[in-house]
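Peer 1: Fold the stuff below for me.
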Amino acid sequence: MSEAPKRGIVFRDPVHQLIHLDEDDEFLKNLIDTRPMQRLRRVRQLGVSWLTYHGAEHSRFSHSMGVMHVASRILQGLRQRYRGNDDIKTTLRSNRRTVMAAALLHDTGHAPFSHAMERLFPANADHEKRTMQLIRNEDLRVSEILKEAGVDPEDVIAILSKLHPQRFLCDVVSSQLDADRMDYLLRDSLFTGVEYGHYDLEWVSNHLCLGLEPLGTSGDDSALRLCLDRKRGLFAAEQLIIARYHMSMQVYFHAATRMWEAMLLCLLRRAAELVRGEVEMFTDGLLPGTPVSLQEFLTCEGDISDEVFLQLDDATLTSAFSGWAISTDSFIAEISSALLNREKNVSNDPTKKLFKCYDLSEKDPFDVGKLLGALGNEAEFPAYLWEHDDIANWAPYKDFFKKFRGSDGAEHDTNTSSILLSDGNLDSKASPAELSSFLFESMGQKSVSVSRLFAHHSCVEKIDSLILKFNLS
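Peer 2: Below is the predicted model:
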């Protein structure tokens, strides 16, 4: 009697409905069950955005599952399109597991509250570096599972760091047409309840193709890039970039969300001073209610082992806030309570904001610099009382030629993330989308700058006087 065929594994997903893993993808299920992946269930995708959009409670784990699914769809579409090309078929077949693993694991290095924490200490400013550490850490079983599946962990890292010799495989995971963006725009839009992130995933994923880097050479497989079909993909690409622009301005850079991030960062800076014994009343280096892993994180300014890192998640910090809310340090108690209970105003003066926002985006950068210089005098303005939220020169689209020339006028390599259009012919050079679209052309030439100063109510009066002094009112 013949054995019944394996059915694989199916996951329900709010964005993609069903996520399938083939019977040959058992290793992905094993990766999903590792500690680095399971920890992502306890890290919110959008940091503190749930304080602005109450539905934004989704996790990095669900996003990672979605990225893996979209990456699979991209690879499947390429296999179908190039089914008659033995070289491409071989490349896709031999690297499929590597790309899928990279897509699944790409966010395992995120600290609690995701991107917000990257602004706290230099040691945790690069979550991708931590991701690579976790993949290499033999005590965590990730590298073991990969090797058992015939996947070299260093190849996964090469995909994530864009150093793989087949560059188009890197593009699947990290580019302006990547599976990461294709998932998070739809997922974040769904859970925040906004419409800005919608675009046609079906059309985009079905009209991806390959083409030569604009400055590449025919016959050089390393010059092949992931592209959109020139005839059918341009408008879908425009829709995708506009979705990212609108989501960035309305969700990711939302002033209220960035205010909560500023409060979080100021709180943790103050807590770090206390646990390091830099404040006289806490010379024993203890802050009651602080979990051991968070204490080490603050003491070492983020330079911690993988084991300690895996113990840190949103719940760890929230637990600390509960203890800190009754701290004898008034600032710690006030801001911890605010983050726990979404308190935006001073408790004994409901007309006064805990943190005031100064929008400096349209102000003279020289005058802003003078203001920040004055605030740098920690004797009068301790670092934990204010946060400069500077989103400088953020571009919704990365222009190919602008990137190639470089802002310094010097020539740079073509390791760029611009969207490329191709007819799908492997011997034809792709062209940057801005050459065919006035929308891409304008978005590539202009960048967005957001400059906000968030200040604790205790120093607002002094900062108001500096605002007048430096003509920033």
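
Peer 1: Next SSE downstream of the lowest-mean-pLDDT helix or strand in the chain?
Peer 2: The weakest-scoring helix or strand in the chain, judged by mean pLDDT, DSSP states H and E, is helix 400-405 (a mean of 62). Following helix 400-405 in sequence order, the next helix or strand is strand 420-422 (DSSP states H and E).

Peer 1: contacts for that following strand?
Peer 2: Strand 420-422 is contacted by residues 209-214, 225-230, 233-234, 237, 400, 428, 430-433, 436 when judged by CB atoms under 8 Å, 6 or more residues apart in numbering. All C-beta atoms are positioned from the backbone trio N, CA, C, and that covers glycine.

Peer 1: Quick check: the closest residue in space to residue 95 that isn't next to it in sequence vs residue 455, distance?
Peer 2: Distances taken as CB to CB, 6 or more residues apart in numbering place residue 169 nearest to residue 95, at 5.5 Å, with adjacent residues excluded. From residue 169 over to residue 455 the distance is 46 Å, taken as CB to CB, to the nearest Å.

Peer 1: for residue 137, same thing?
Peer 2: To residue 455, residue 137 is 41 Å away according to CB to CB.

Peer 1: out of the two, which sits in the busier spot?
Peer 2: residue 455 (24 against 17; other CB atoms under 10 Å).

Peer 1: what residues are up against that one?
Peer 2: 355-356, 358, 385-386, 463.

Peer 1: From the structure, what's the count of residues near the closest residue to it other than its chain neighbours?
Peer 2: The shortest distance from residue 455 to any non-neighbouring residue, by CB to CB, 6+ apart, is to residue 386 (4.4 Å). Residues contacting residue 386 under the criterion other CB under 10 Å number 21.

Peer 1: Kindly report the same for the one 5 residues further on.
Peer 2: Other residues lying near residue 391 total 17 when counted by other CB under 10 Å.

Peer 1: for the stretch 201-350 of the chain, what spans make up the strands?
Peer 2: Using DSSP state E, counting those that start in this stretch, the strands of the stretch 201-350 of the chain run over residues 208-212, 224-229, 345-346, 349-353.

Peer 1: Mind checking the pLDDT average for the longest one?
Peer 2: Translated: strand 224-229. For strand 224-229, the mean per-residue pLDDT is 94.

Peer 1: Then the first one?
Peer 2: If you average the pLDDT over strand 208-212, you get 95.

Peer 1: quick one: it to chain centroid distance?
Peer 2: From the chain centre to the centre of strand 208-212 is a distance of 26 Å (CA atoms, centre = their mean, to the nearest Å).

Peer 1: just checking, what packs against that strand?
Peer 2: Packing partners of strand 208-212 (3 or more CB pairs under 8 Å, 6 or more residues apart in numbering; DSSP states H and E): helix 60-81, strand 224-229, strand 420-422.

Peer 1: With distance to residue 51 and mean neighbour count as extra columns, can I get these in TSV?
Peer 2: Formatted as TSV, those follow (distance: least, CB to CB, whole Å; neighbours: other CB atoms under 10 Å):
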stretch	distance to residue 51	mean neighbour count
helix 60-81	18	21
strand 224-229	36	24
strand 420-422	39	25
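
Peer 1: Out of the ones you listed, which gets nearest to residue 345?
Peer 2: Taking CB to CB, helix 60-81 is the member of the helices and strands packed on strand 208-212 nearest to residue 345, at 31.2 Å.

Peer 1: orientation of the very next helix or strand once past the closest one relative to strand 208-212 in degrees?
Peer 2: Next helix or strand after helix 60-81 toward the C-terminus (DSSP H and E): helix 86-105. Going by axes from the mean of the first three to the mean of the last three CA atoms, to 10 degrees, helix 86-105 is angled at 120 degrees with respect to strand 208-212.

Peer 1: and helix 86-105, average pLDDT?
Peer 2: For helix 86-105, the mean confidence score works out to 96.

Peer 1: same question, stretch 365-377
Peer 2: When pLDDT is averaged over stretch 365-377, the result is 92.

Peer 1: Now do the buried residues in it.
Peer 2: 368, 370-372, 375 (16 or more other CB atoms under 10 Å).
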